[in-house]
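Visitor: Next come a sequence and a model predicted from it.
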There are 2 protein chains.
Amino acid sequence: MSKNNSIVHYMDIAYNEAIKGINANNGGPFGAVVVRDDIPIASAHNEVLTSKDPTAHAEINAIRKASQILNSYDLSECTLYTTCEPCPMCLGAILWARIEKVYYVSTKEDARDAGFDDSHFYDILQGKVRSTKLTQIEHQDSKKLFELWKKKSDIQIY
Amino acid sequence: MSKNNSIVHYMDIAYNEAIKGINANNGGPFGAVVVRDDIPIASAHNEVLTSKDPTAHAEINAIRKASQILNSYDLSECTLYTTCEPCPMCLGAILWARIEKVYYVSTKEDARDAGFDDSHFYDILQGKVRSTKLTQIEHQDSKKLFELWKKKSDIQIY
């Protein structure tokens, strides 16, 4: 397969996942697949409604499945194909998983028009709006955790 | 308990979770607890290393557990106590879960000093750096998913 053909092929897999999710009423119309070395490792769709898990977006589900199949939290040789531009949560997961490349089709504006609006998430992340959500507090053991961590002889930075 | 005492009390629970995680080598030195109506619903620590799941941060784990216990993806009456400022992935999860308030102690700078650096995540989310990761492509069915979604008679926006 040419590179362009394979991109379409993997996006078809992501689309079929999304269709499955829509038909099963599992959650929003989103699908994703993690691919490594031209092999689809794990595909998934949004399952927020049936799993009752607010983190169960297509990309998160595909990443979690792929990490179990590959037995690694490091998916740095993988590409993610997703039907829609990842939200900040999913983009964070993509970055922590070190996924190298992401292809998407619909934009966050398309998602917003369908009722999935995460535009204020960006404002909160950028500190553009004063969020009443986040409050820093003092705690007597505030430095203890990182000190304990740094003192460990067997720490593994990930 | 006074409000301040209860904040310290719940943060103690989050700290004890983090200590458990450090001692068990489950992952980074982070703990969190979801509280509703002055009742701790679910506490968790980072388990990225043992679960091999890059999304298994303390906050995500606590949110996932709480959503299962409360049987809802909507945690809008809950407060999250976490030992460290949430990363973009976890903040996204907090926002999707509609958690109303978050208390944290250590900052992202403290986390960076211990080797957990997500500062470039913010740059990518803000579009400050040209990320080679994300590529939008065209797809023949690009509008189909949202059209299908909108046509459904039983859609449930979450």
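Guide: Great, that's in hand.
Visitor: What separation is there between the residue of chain A positioned farthest from its centre and B:Tyr104?
Guide: Using C-alpha atoms, centre = their mean, the residue of chain A lying farthest from its centre is A:Gln140. It sits 34.5 Å away. For A:Gln140, the distance to B:Tyr104 (C-beta to C-beta, to the nearest Å) stands at 15 Å. Every residue, glycine included, has its C-beta placed from N, CA and C.
Visitor: likewise A:Asn5?
Guide: For A:Asn5, the distance to B:Tyr104 equals 47 Å [C-beta to C-beta].
Visitor: before we move on, what about A:Ser119?
Guide: On the measure of C-beta to C-beta, A:Ser119 and B:Tyr104 end up 24 Å apart.
Visitor: These two - which one has more neighbours?
Guide: Between A:Ser119 and B:Tyr104, counting by other C-beta atoms under 10 Å in any protein chain shown, B:Tyr104 is the more crowded of the two (22 against 10).
Visitor: So the more buried one, which state does it fall into?
Guide: Going by DSSP: H, G, I helix; E, B strand; the rest coil, the secondary structure assigned to B:Tyr104 is strand.
Visitor: quick one: it and B:Thr79 touch, right?
Guide: No - when contacts are counted by C-beta atoms under 8 Å, B:Tyr104 is not listed as touching B:Thr79 (11.5 Å).
Visitor: Could you find the closest non-adjacent residue to the residue nearest to the spatial centre of chain A?
Guide: Nearest residue to the geometric centre of chain A (C-alpha atoms, centre = their mean): A:Cys90, 2.7 Å. Closest residue in space to A:Cys90, ignoring its immediate chain neighbours: A:Glu59 at 3.9 Å, by C-beta to C-beta, 6 or more residues apart in numbering or on different chains.
Visitor: Likewise for A:Gln156?
Guide: A:Gln156 sits nearest to B:Leu49 (C-beta to C-beta, 6+ apart), 6.0 Å away.
Visitor: if we can go back for a sec, the residue nearest to the centre of chain A - that's part of a helix, no?
Guide: Yes - secondary structure of A:Cys90 (three-state DSSP): part of a helix.
Visitor: Surely it touches B:Gly92?
Guide: Yes - shown here, A:Cys90 and B:Gly92 form a contact pair, counting by C-beta under 8 Å, at 7.4 Å.
Visitor: Quick one: residues contacting the residue lying closest to A:Ile155 once chain neighbours are set aside.
Guide: Nearest non-adjacent residue to A:Ile155, counting by C-beta to C-beta, 6+ apart: A:Trp149, 6.2 Å away. Shown in contact with A:Trp149 (C-beta atoms under 8 Å, 6 or more residues apart in numbering or on different chains): A:155, B:22, B:28-29, B:114.
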